[in-house]
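Asks: 3D model of this:
(2 chains)
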Number of protein chains: 2
Amino acid sequence: MIQETSQVMAENIQQLADSSVRIDGDRLWDSILELGRIGAYYDDHLKLEGVNRKSLTDDDKLGRDLVVSWMKAAGLDVQIDQMGNILGRREGLDAEAAPVMAASHIDTVATAGAFDGCLGVLGAIEVIRALNDTKLATRRPIVIAAFTEEEGVRFGTDMLGSAVAAGRVSLEHAYALTDDAGLRFGDELERIGYKGTKDVRLDPPHAYVECHIEQGPILAKAGLKLGVVTGVQGISWQKITFRGRAAHAGATPTELRIDAGLAAARLTCRLREMVDSGRYGQLRATVGHIATSPGLPSVVPDLTEMTIDMRTPDDNHMAQAEKDIQDFLEELKLQQPGLGVEALRMAKTNQVPFDESVQKAIAESAEELGLDYMYIRSGAGHDAQEIAAITPTAMIFIPGEYDGISHNPREYSTPEACTNGINALAVTMVKLANEE
Amino acid sequence: MIQETSQVMAENIQQLADSSVRIDGDRLWDSILELGRIGAYYDDHLKLEGVNRKSLTDDDKLGRDLVVSWMKAAGLDVQIDQMGNILGRREGLDAEAAPVMAASHIDTVATAGAFDGCLGVLGAIEVIRALNDTKLATRRPIVIAAFTEEEGVRFGTDMLGSAVAAGRVSLEHAYALTDDAGLRFGDELERIGYKGTKDVRLDPPHAYVECHIEQGPILAKAGLKLGVVTGVQGISWQKITFRGRAAHAGATPTELRIDAGLAAARLTCRLREMVDSGRYGQLRATVGHIATSPGLPSVVPDLTEMTIDMRTPDDNHMAQAEKDIQDFLEELKLQQPGLGVEALRMAKTNQVPFDESVQKAIAESAEELGLDYMYIRSGAGHDAQEIAAITPTAMIFIPGEYDGISHNPREYSTPEACTNGINALAVTMVKLANEE
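Replies: Next up is the predicted model:
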């Protein structure tokens, strides 16, 4: 089959694809469902099947094997780089020209659906299949990719594969990261057979485009088919640890307590007050994780851990919010003398604006396809924001059901929404790949 | 050895013990340390040895076996009742008279020290040994006991063994309780060989007295040796479950969120405001456990569970506090439409006043021993509050180090403090056992 496809390409290499390219929505949908079966689990609470395919697990390996087999079946030259990023190349008429790149990731959080990341990777494969179906070439080569550990839930740093590819994070640093069980990224990459030899540093492509689910309710509420993404919000993740003093709930007078859980609750409430104050523009703040120790009803918590996730498109607002949190931590110490407070930075990225010419190519594609769209800013982090550092980049969003819930088995976009998004990806890629 | 001791007792049955009885503090201390080795574990965080001997575990069985062997060695007639309560009887001159009872428990929480409960049981054994040493009898029989599952951490109901013995909880109800693994209390009791045949319903003794660590900082701060306990606060335990909607932290506008964690934080802060307001008298309120799901930094929590522990010596204050919490839960629903709230009652006991004549016997004993004391109310629940329903009851508290921390490997009372408490127990028991 691989040989056959390559022959088809060779025969047609002189004829340029144009904007009339259309993908096969059913074939795309089947691919999404098939990959989603790897790592599937049944969520007893939701009564739904979800996906748990964290990076460099056995299931991630199986998912990678499937993606590699599909890339090869589509005639791509597949290479694995030193970070385990999977790259598939389709030649262009001008083999020397910088390629157009489309990518995303297939690793998931522990309680995921089948769309986050996978749509972008499988959609890019579907674009290649569609080009093969029409027996058409592009002027520039096309490189599609699946980046390693975008979610960051296993080794603690999100967009890890693309960050190393774009040069923001060193390979040595990435290899040395460990998961909760103390397993090293480099060792796990080798264990699943995806420690490749291709140099991880990416030669800057001509342009980069990524299709992704919105992961929010905005497109659906607006009744629109597509989002042309103008950039990614700045993100700040911190882990705050409060150390109090364990004490008997019945026998310890209130004024003698150092209650680590109370401090965490006060910080959680303060964050929402900051957001509601309007003084920080479009700041969003989330406490996704709080856990108390020893966690017994009758013991004042001696240890409470919580995470703070803040996002804003304005780096100045972020700086102000971080400073005000720092000040509030000091206030909490004064409220309960003896309280220990540690703030650990887990992640921090400034806002990333996307390239206007790539946005324009996407918007024109949407118009040609008759798909109503809006400009939208991404609230989530994506591989695109790393690649934006080395090449003109933008993204395409499609709406999700159920208020755009993601990182959850309820995550769902309709077959129609997926088809729309990947058709827009196909037309955009052809436009960019035919540019001089 | 058992026979020998019985012979000694028989020889001396005519001579009454008096207030000059004194225990052997070293022997008591050795017993505390020896029992504490069963279920011992090393706490990596505290760098200290702790005890994990939850009820009806294999380690609980080993602890029980040791206690039974010590009771038998002290010449007691040992019986196991239907709840696994261990009772040891020393005859009095008047075998028909209602006995004086001293008891506590040897089960522990998962992260315990060696003193909570064990002091009362091993102290009562030491009183018997001291009476044997002096070859003296009492008018009334003495019954000492170790009650089953006082902590309530395994089967969810504290003071379980004494509650069934005193008739507040039925045997059938207790047998049907299950632990987190779904194991039934009745089955586990049988498994460890402690499902006895003696009728669990206790014939009301003449009086009941229990020595226990304070589990709080009050005696140590006051520089006093003993507390004469006037009663036990009312206790209310609730588990509150908030159900929100999982949503992406970056992509979901604040006004569209239903944040279960925020609701829990607001309730936690409100509880402290209630306590600080002074409107609820001596109310103490504790949120010992908060846990969010899915617990990821970038996901708004869809589920948050928290516990509320409230204590007060005034049942009216408790009723008012519970009502105001109920009202605040409604407020939280209005703040975030769609928020689900469930309040599950885990435990509720009214305040229990102790008997004044038994308190007086303890106070007189303290004076005779030259030990400075104060009257104090118990913040924690104890077996004594169950037995108080059927007989005149009071308790003796001894101070603890480190602000009286308990339910923690740091729990510690000095050998001197333990000796003082059990000497007071001995003198009090002799006084009560010689009463007409």
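Asks: Pull the contacting residues for the closest residue to chain B within the stretch 51-200 of chain A.
Replies: Among the residues of the stretch 51-200 of chain A, A:Thr111 lies closest to chain B, at 5.3 Å counting by Cβ to the nearest Cβ. Backbone N, C-alpha and C define where each C-beta goes, glycine included. A:Thr111 makes contact with A:Asp43, A:Gly50, A:Asn52, A:His407, A:Asn408, A:Pro409, B:Pro294 under the criterion Cβ atoms under 8 Å, 6 or more residues apart in numbering or on different chains.
Asks: Now tabulate these in JSON lines and tack on distance to B:Val21 and secondary structure.
Replies: What follows is those, written out as JSON lines (distance: Cβ to Cβ, whole Å; DSSP: H, G, I helix; E, B strand; the rest coil):
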{"residue": "A:Asp43", "distance to B:Val21": "64", "secondary structure": "strand"}
{"residue": "A:Gly50", "distance to B:Val21": "67", "secondary structure": "strand"}
{"residue": "A:Asn52", "distance to B:Val21": "65", "secondary structure": "coil"}
{"residue": "A:His407", "distance to B:Val21": "68", "secondary structure": "coil"}
{"residue": "A:Asn408", "distance to B:Val21": "67", "secondary structure": "coil"}
{"residue": "A:Pro409", "distance to B:Val21": "68", "secondary structure": "coil"}
{"residue": "B:Pro294", "distance to B:Val21": "61", "secondary structure": "coil"}
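Asks: Can you pull up the most central residue in chain A?
Replies: With distances taken as Cα atoms, centre = their mean, chain A has A:His382 as the residue nearest its mean C-alpha position (4.0 Å).
Asks: Looks like that one contacts A:Cys211 (just checking).
Replies: No. Using Cβ atoms under 8 Å, A:His382 makes no contact with A:Cys211, being 10.4 Å away.
Asks: Spit out the residues that contact the two alike.
Replies: Residues touching both A:His382 and A:Cys211 by Cβ under 8 Å, 6+ apart: A:Ser104, A:Met395.
Asks: I'd assumed A:Asp327 was in a helix, is it?
Replies: Yes. Going by DSSP: H, G, I helix; E, B strand; the rest coil, the assignment for A:Asp327 places it inside a helix.
Asks: Count the residues that sit near it.
Replies: Other residues lying near A:Asp327 total 9 when counted by other Cβ atoms under 10 Å in any protein chain shown.
Asks: Repeat that for A:Lys54.
Replies: When neighbours are counted by other Cβ under 10 Å, A:Lys54 registers 19.
Asks: can you pull the contacts of the residue lying closest to A:Asn434 once chain neighbours are set aside?
Replies: The shortest distance from A:Asn434 to any residue that is not its chain neighbour, by Cβ to Cβ, 6 or more residues apart in numbering or on different chains, is 4.9 Å, and that residue is A:Arg139. With contacts taken as Cβ under 8 Å, 6+ apart, A:Arg139 has the following neighbours: A:Leu16, A:Gly92, A:Leu93, A:Asp94, A:Ala97, A:Ala433, A:Asn434, A:Glu435, A:Glu436.
Asks: For the stretch 151-300 of chain A, which segments count as strands?
Replies: Ranges of strands within the stretch 151-300 of chain A are A:207-213, A:226-232, A:234-243, A:247-248, A:284-286, A:290-293, A:299-300, based on DSSP state E, counting those that start in this stretch.
Asks: Distance check, A:His317 against B:Ser31.
Replies: 64 Å (Cβ to Cβ, to the nearest Å).
Asks: Looking at those two now, which is surrounded by more residues?
Replies: Under the criterion of other Cβ under 10 Å, the comparison of A:His317 against B:Ser31 puts B:Ser31 first, with 22 against 18.
Asks: In what element of secondary structure is the more buried one found?
Replies: helix B:25-36 (DSSP states H and E).
Asks: Please name every helix or strand in contact with that helix.
Replies: helix B:58-73, helix B:118-133, helix B:415-433 (3 or more Cβ pairs under 8 Å, 6 or more residues apart in numbering or on different chains; DSSP states H and E).
Asks: counting contacts, what elements does the last one pack onto?
Replies: In other words, helix B:415-433. helix B:25-36, strand B:100-105, helix B:118-133, strand B:207-213, strand B:226-232, helix B:356-369, strand B:393-398.
Asks: Could you dump those into CSV and include mean pLDDT?
Replies: Compiled in CSV, the helices and strands packed on helix B:415-433 are given as follows (pLDDT from 0 to 100):
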stretch, mean pLDDT
helix B:25-36, 98
strand B:100-105, 98
helix B:118-133, 98
strand B:207-213, 98
strand B:226-232, 97
helix B:356-369, 98
strand B:393-398, 98
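Asks: closest one to A:Gly186 among these?
Replies: Checking those against A:Gly186 by Cβ to Cβ gives helix B:25-36 as the closest, at 45.0 Å.
Asks: What residues are bridge-paired with the closest residue to A:Glu214 other than its chain neighbours?
Replies: The spatially closest residue to A:Glu214, leaving aside those adjacent along the chain, is A:Phe397, at 4.3 Å (Cβ to Cβ, 6+ apart). According to DSSP bridges, the residues that bridge with A:Phe397 are A:His212, A:Gly227.
Asks: And for A:Phe397, the neighbour number?
Replies: Tallying neighbours of A:Phe397 according to other Cβ under 10 Å, which is how burial is gauged here, yields 31.
Asks: Same question for A:Glu416.
Replies: Every residue meeting other Cβ under 10 Å relative to A:Glu416 is counted, giving 12.
Asks: which residues touch it?
Replies: Under the criterion of Cβ under 8 Å, 6+ apart, the contact list for A:Glu416 reads A:Gly25.
Asks: quick one: contacts for the residue in chain A sticking out farthest from the centre?
Replies: Residue farthest from the centre of chain A, counting by Cα atoms, centre = their mean, is A:Ala251 at 48.6 Å. Under the criterion of Cβ under 8 Å, 6+ apart, the neighbours of A:Ala251 are B:Glu214, B:Gln215, B:Gly216, B:Ile218, B:Ser378, B:Gly379, B:Ala380, B:Gly404, B:Ser406.
Asks: Show me which pair in those is furthest apart.
Replies: Farthest apart among these - using Cβ to Cβ - are B:Ile218 and B:Ser406, which lie 13.1 Å from each other.
Asks: and those two? which has more neighbours close in?
Replies: Set B:Ile218 next to B:Ser406 and count neighbours by other Cβ under 10 Å: B:Ser406 wins out with 30 against 22.
Asks: Please tell me how far the more buried one sits from chain A.
Replies: In this structure, B:Ser406 and chain A are separated by 5 Å, where distance is defined by Cβ to the nearest Cβ, to the nearest Å.
Asks: Check whether that residue really touches B:Pro217, as I assumed.
Replies: No. With contact defined as Cβ under 8 Å, B:Ser406 and B:Pro217 do not form a contacting pair (10.9 Å).
Asks: Which pLDDT does the model give the residue of the stretch 301-436 of chain A at minimum distance from chain B?
Replies: Relative to chain B, the nearest point of the stretch 301-436 of chain A is A:Gly379 (3.2 Å; Cβ to the nearest Cβ). According to the prediction, A:Gly379 has pLDDT 89.
Asks: residues near it, how many?
Replies: That count, for A:Gly379 with other Cβ under 10 Å as the rule, works out to 25.
Asks: can you give me phi and psi for it?
Replies: When quoted as degrees, to the nearest 10, the phi and psi of A:Gly379 stand at phi -90, psi -20.
Asks: just the buried members of the contacts of A:Thr111?
Replies: A:Gly50, A:Asn52, A:His407, A:Asn408, A:Pro409, B:Pro294 (16 or more other Cβ atoms under 10 Å in any protein chain shown).
Asks: Return the residues in contact with the closest residue to the fourth one other than its chain neighbours.
Replies: So the one you mean is A:Asn408. If the residues on either side of it in the chain are set aside, A:Asn408 comes closest to B:Ala246, at 4.8 Å by Cβ to Cβ, 6+ apart. Contact partners of B:Ala246, counting by Cβ under 8 Å, 6+ apart, are A:Ile405, A:His407, A:Asn408, A:Arg410, B:Pro294, B:Val299, B:Val300, B:Pro301, B:Asp302.
Asks: if I look at B:Ala246, how far off is A:His45?
Replies: For B:Ala246, the distance to A:His45 (Cβ to Cβ) stands at 11 Å.
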